[in-house]
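1. how would this look folded up:
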Amino acid sequence: MESIVIGIFLVIVDGSPDDTVQVLRFSPPTSEKVLLAAGAWDGTIRVWLVNDNGQCEGKAQQSIPAPILDAEWTDDGARLFIAAADKDVRLWDLASNQVAVVGAHDGPVKTCHWINGNNYQCLMTGSYDKSLRFWDMRQLPKQTMMLKLDLPERVYCADVVYPMAAVGLASKKIFIYNLEGGPQFVKEIESQLKYQLRCLSIFRNKDNQPCGFAIGSIEGRVGVQMVETSNTKETFTFKCHRSAELVNGYQEIFAVNDITFHPQHGTLITCGSDGRYSMWDKDARTKLKTSEAHPLPITCVHIHASGTILAYAMGYDWSKGHEGNAQQGSKIVLHKCLEDMRPRSKKT
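-> Sure thing, here's the model as predicted:
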């Protein structure tokens, strides 16, 4: 696939949802065209075609009767899985514009991830019902649950980079699974963070194999954790999304709403309730860049597989309660990122 080149600094996407965007997902690299999907709390999910110059053209829209909490593309970029607060998992076929329920939980479905294994394919979903479920999509429209794993707490965040799955729970524990040949529990890791987990993203080693994860909490802090290591220096935390100056004698601390790793550079971007995004080099333990403050919190971020472009969404995240809700809707921005997220050369 050709890389996207954005000639200008950023692009505002037309037709953003009226409510806060919970999830942004670029179509996979195997897709013929570059598509961007956005799922929102008002139950709408939209898809845009992203042209080579970064301009966006609305291609499809659907609505379901519940807030959308996660979304995931199929390998061909022709269909989207949708996880929602009404306990259902849906599949949206863009060509026919039909939406079908393909799985269900006993509580809101917080995460969904497509697993493309060496000898099987399935959808992994995590829920507030304290379970992880795996769905066989070969018998559609029949719902076929391959496996149900009971968990000690609600699923708050998760990620899959085959053959690893990492699932963050309300108890601040992270469960690690090996998906090779079928999901197998590997270990339970206690979070280094003291407060509620908000987001999780797996990173790869120099051999391009998944080896660890970064987690973000509501307390303006990120933890970097290797799954298998005897070197304690490879596991650490850092502060982020906090006010530079004191406000009424105190430092303001904001939630880390999302984390995404750059597919080529291995650097990461975080976004927060302070309305800023920051780019980091975890290996050099340095900050690469921080944006200016946006008028609203940044709720989610995603990077296209080419590594040239990122998308982020602004909207109210209820971090200041009901009184902070001015019903300002949402805004989605495309931004070039290849150079901004490139690790800096080491000084000799």
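
2. mind listing what residue 71 touches?
-> Neighbour list for residue 71: 23, 25, 37, 39, 45, 80-83, 112 [criterion: C-beta atoms under 8 Å, 6 or more residues apart in numbering]. All C-beta atoms are positioned from the backbone trio N, CA, C, and that covers glycine.

3. Can you point out the buried residues in the one helix or strand residue 122 maps to?
-> In the assignment (DSSP states H and E), residue 122 maps to strand 121-127. By 16 or more other C-beta atoms under 10 Å, the buried positions in strand 121-127 come out as 122-127.

4. Looking at these, spot the one nearest residue 217.
-> residue 126 (17.8 Å; C-beta to C-beta).

5. quick check: mean pLDDT across stretch 278-293?
-> For stretch 278-293, mean pLDDT is 94.

6. Export only the CA atoms of that stretch, formatted as CSV.
-> The C-alpha coordinates for stretch 278-293 follow below in CSV (Å, rounded to 0.1, in the frame of the first residue of the first chain):
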residue,chain,number,x,y,z
SER,A,278,2.5,13.9,24.0
MET,A,279,5.0,11.8,22.1
TRP,A,280,7.6,9.7,24.0
ASP,A,281,10.7,7.5,23.4
LYS,A,282,10.4,4.9,26.1
ASP,A,283,13.8,3.4,25.4
ALA,A,284,15.6,6.7,25.8
ARG,A,285,13.1,7.8,28.4
THR,A,286,12.6,11.2,26.8
LYS,A,287,9.7,13.3,25.7
LEU,A,288,9.8,14.0,21.9
LYS,A,289,6.9,16.5,21.7
THR,A,290,3.9,17.9,23.5
SER,A,291,1.0,19.6,21.7
GLU,A,292,-0.5,22.9,22.6
ALA,A,293,-3.7,22.6,24.8
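
7. residues making contact with it?
-> The contact list for stretch 278-293 (C-beta under 8 Å, 6+ apart) reads 203, 214, 222, 224, 236, 238, 240-241, 266-272, 274-277, 337, 340-341, 343-344, 346.

8. Please indicate which of these are buried?
-> 203, 214, 222, 224, 240-241, 266-272, 274-277, 337, 340-341.

9. just to revisit the earlier point, for the buried residues of strand 121-127, could you give me TSV that also reports pLDDT?
-> Converted to TSV, these look like this (pLDDT from 0 to 100):
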residue	pLDDT
122	94
123	96
124	98
125	98
126	98
127	98
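
10. the bottom helix or strand of this protein by mean pLDDT?
-> strand 10-12 (a mean of 84; mean pLDDT, DSSP states H and E).

11. Quick one: list the elements packing against that one.
-> Judged by 3 or more C-beta pairs under 8 Å, 6 or more residues apart in numbering; DSSP states H and E, the packing partners of strand 10-12 are strand 330-336.

12. returning to that earlier point: for the strand holding residue 122, packing partners?
-> Contacts defined by 3+ C-beta pairs under 8 Å, 6+ apart place strand 121-127 against strand 98-104, strand 109-116, strand 131-136, strand 155-161.

13. Sweet, I'm off.
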